[in-house]
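> generate coordinates for the sequence data below:
(2 chains)
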Amino acid sequence: MKIGYYPGCALHGTAWEYDQSIRKACEVLGVELEEIKDWNCCGASSAHILNKTLSVLLPARNLALAEKEGLDLLVPCAACFNRLKAAQKKVREENSYQEAVPIRGDTKIIHINEFFCEKEMLLRIRDRVKKSLTGLNPVTYYGCLTARHPRVTGMANYEDPQGMDCVLETLSVKTRPWSYKTDCCGGNLMMTRVDIVKKLSGNLFSEAAEAGADCIVTDCPLCQANLDTREHEIAREAGRTFDLPVFYISELIGLALGIDAGQWWKRHIVDPRGLLAKKGLM
Amino acid sequence: MQIHGELTQEPAWVADLETESGIKVSACYQCKKCSNGCPVVYAMDFQPNRLIRMIQLGLKEDVLKSATIWVCASCETCSTRCPNDIEIATLMDYLRQAAIREGKVEKERNTPVFHQTFLSSIRKNGRVHELMMIGEYRLKTKDFLSDLRLGWEMFKRGRLRLFPAGVKSKGEIEEIFKRSEREERR
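Next comes the predicted model:
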């Protein structure tokens, strides 16, 4: 099985362990990733905030490159996924963009939470699991951009997504129920209004703890960075201890598949090794 | 928060805005679902439903000068839940661009600076280099002390890449930027 791969800027930087865990897991699962050659930044939030045309043309160039490969496109970053889907929709609906970046607009754009929970992938995971992750009590956190707007993302259960829960069930993990799967962590305001970020993310930590979770599992590199980097500060200011490591779903898949994950854990600010050792997972 | 000073109404604005943006603001009947679901409403000067009413009334000046349009986190909860299918988050983008074009950014001035810095990073390399982008933003906003410790914690763990990896076809990226600027000036 071969699929196109668009890592995006975060996975080449702050979210390197997300990229690595996806690549390693795919290797074990018999999925060949073909990275799109010479891909560019999707423009993220900044393009749609400042320039509508740019917010379509930047992702559209990547779609044109992907079309040349003629493969479906796996996009692990929630923001990239959202922007590529939105641009594809715009180009399909409005002819004016076709002149600048001519594309057919028929590439299937797939996010991690859809990809790993497809039946075929779940079967492959189940057959290759080396280590059951029983004992972990995570909440799944999807954030905004793979869920909304459903007209763009195409997600059916956009108020209560199930993709990661499904995968975790296959890894023998029972997720804790909570109502904050798609509540905003404030990632968009990461650099400009840290006070808002701390309030929104702080709320997520409190609710995750309240739900009895011992970790958070996500599939968005912006949410992961936002939560992981602010957790200690938020706890300190609230006079609490959370100690909730924030995992990428692919890291846990990798761990269950028996992949050496040591390099990934070192990069987390909230060190997950204590929790994993306590659960006998490393 | 009170609308400041005298009311300057531009009743024709709604129609222009609807044509240009394709967003049917006049469909709003004030159910307040947008404001009830908004995670950042507490930090806004005008709640989203109120901002929409102000647009309907042609209060252009107050809308474009508001903090609301910059505080919005683009989480799309409002647009998803609006019973009249008003794309409120996209409307915020339209208003932000209008505010910049017409020189009306009064509050939250660092936010457009951040996004401009982000885009200039893309323009240079075709991809965003986080470390350089953040450095440039701190320089532009003369804020050298925020998050130094956090930056160090991230650097130690190898989460901030030192050297940028760029796109080879830089000309194509520049062409996209030039075209987008031309289009938006129209």
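> going forward, measure contacts between C-alpha atoms and count neighbours the same way
Noted.
> was I right about residue A:281 contacting residue A:134?
No: using Cα atoms under 8 Å, residue A:281 makes no contact with residue A:134, being 9.2 Å away.
> phi and psi next, for the spatially most central residue of chain A.
Centroid check for chain A by Cα atoms, centre = their mean gives residue A:219 as the closest residue, at 2.2 Å. Dihedral pair for residue A:219: phi -130, psi 20, per degrees, to the nearest 10.
> now it: how far from residue A:209?
The gap separating residue A:219 from residue A:209 is 19 Å, by Cα to Cα, to the nearest Å.
> assign residue B:45 to helix, strand or coil.
coil (DSSP: H, G, I helix; E, B strand; the rest coil).
> that one: how many residues sit nearby?
17 (other Cα atoms under 10 Å in any protein chain shown).
> please apply the same query to residue A:152.
Neighbours around residue A:152, by other Cα under 10 Å: 20.
> look up the closest residue to it, ignoring the ones flanking it.
Ranked by Cα to Cα, 6 or more residues apart in numbering or on different chains and with sequence neighbours excluded, the top spatial neighbour of residue A:152 is residue A:86, at 5.6 Å.
> could you list the domains of chain B?
B:13-101, B:110-179 (automatic domain parsing).
> circling back to that earlier point, ok, now which ones touch the residue nearest to residue A:152?
By Cα atoms under 8 Å, 6 or more residues apart in numbering or on different chains, the contact set of residue A:86 is A:56, A:152-153.
> look up phi and psi at residue B:92.
phi -60, psi -40.
> ok, now residue B:65?
Torsion angles, degrees, to the nearest 10, at residue B:65: phi -90, psi 0.
> hmm, it is touching residue B:103, no?
No: under the criterion of Cα under 8 Å, residue B:65 makes no contact with residue B:103, lying 9.2 Å away.
> and the stretch 51-200 of chain A, which residues reach chain B?
Along the stretch 51-200 of chain A, the residues adjacent to chain B under the rule Cα under 8 Å from any Cα of the partner chain are A:51-54, A:57-58, A:100, A:144-145, A:148-150, A:183-184, A:186-189, A:191-192, A:196, A:200.
> just checking, which of these belong to helices?
A:52-54, A:57-58, A:150, A:196, A:200 (DSSP state H).
> need the three-state assignment for residue A:11.
helix.
> next, count neighbours for it.
So residue A:11, with other Cα under 10 Å, has 17 neighbours.
> where does it land on pLDDT?
Looking at residue A:11, its pLDDT stands at 95.
> look up the closest residue to it, ignoring the ones flanking it.
Counting by Cα to Cα, 6+ apart, the residue nearest residue A:11 is residue A:19, at 5.4 Å.
> right, and that neighbour touches residue A:8 too?
No: counting by Cα under 8 Å, residue A:19 stays clear of residue A:8, with 9.5 Å between them.
> flag the shaky bits of chain A, pLDDT-wise.
Within chain A, no stretch has pLDDT under 70.
> which helices and strands sit right next to the helix or strand containing residue B:95?
Under the criterion DSSP states H and E, the helix or strand holding residue B:95 is helix B:88-101. The contact analysis (3 or more Cα pairs under 8 Å, 6 or more residues apart in numbering or on different chains; DSSP states H and E) places helix B:88-101 against helix A:44-50, helix B:60-64, helix B:68-71, helix B:77-81.
> avg pLDDT for it?
Helix B:88-101 comes out at a mean pLDDT of 98.
> for that helix, which positions count as buried?
B:88-99 (16 or more other Cα atoms under 10 Å in any protein chain shown).
> measure the residue nearest to the centre of chain A to chain B for me?
16 Å (Cα to the nearest Cα, to the nearest Å).
> wait, that residue touches residue A:75, no?
No: when contacts are counted by Cα under 8 Å, residue A:219 is not listed as touching residue A:75 (10.6 Å).
> comparing the domains of chain B, which comes out most buried?
The highest mean neighbour count among these, using mean count of other Cα atoms under 10 Å in any protein chain shown, belongs to domain B:13-101: a mean of 19.
> can you tell me the helix or strand for residue A:34?
Secondary structure here is read from DSSP H and E; on that basis residue A:34 sits in strand A:32-35.
> how about that strand: buried residues?
Applying 16+ other Cα under 10 Å to strand A:32-35 flags A:33-35 as buried.
> among those residues, which one lies nearest to chain B?
Using Cα to the nearest Cα, residue A:35 comes nearest to chain B of those, at 13.5 Å.
> is that closest one in a bridge, and if so with what?
residue A:5 (DSSP bridges).
> could you measure from it over to residue A:105?
19 Å.
> on that earlier part again, just to be sure, the residue nearest to residue A:11 is in a helix?
Yes: judged by three-state DSSP, residue A:19 forms part of a helix.
> which ones are touching it?
Contacts of residue A:19 (Cα under 8 Å, 6+ apart): A:7, A:11-12, A:76.
> quick one: contacts of the lowest-mean-pLDDT helix or strand in chain B?
Across the helices and strands of chain B, mean pLDDT, DSSP states H and E gives its lowest value to helix B:148-156, namely a mean of 87. For helix B:148-156, contacts defined as Cα under 8 Å, 6+ apart pick out A:229, A:267, A:269, B:160-161.
> quick one: secondary structure of residue A:216?
strand.
> still on that earlier bit, give the next helix or strand downstream of the least confident helix or strand of chain B.
Next along from helix B:148-156, by DSSP H and E: helix B:170-185.
> grab the nearest non-local neighbour of residue B:39.
residue A:184 (6.8 Å).
> centroid-wise, who is the farthest residue in chain B?
Max distance from the centre of chain B (Cα atoms, centre = their mean): residue B:156, 32.1 Å.
> how far away is it from residue A:219?
Distance from residue B:156 to residue A:219, by Cα to Cα: 24 Å.
> what stretches of chain B score poorly on pLDDT?
Ranges of chain B meeting pLDDT under 70: B:1-5.
> on that earlier part again, so what touches the strand holding residue A:34?
By Cα under 8 Å, 6+ apart, strand A:32-35 touches A:1-7, A:23, A:26.
> next, format the helices and strands packed on helix B:88-101 as TSV and append distance to residue A:66.
What follows is these, written out as TSV (distance: least, Cα to Cα, whole Å):
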stretch	distance to residue A:66
helix A:44-50	18
helix B:60-64	39
helix B:68-71	34
helix B:77-81	29
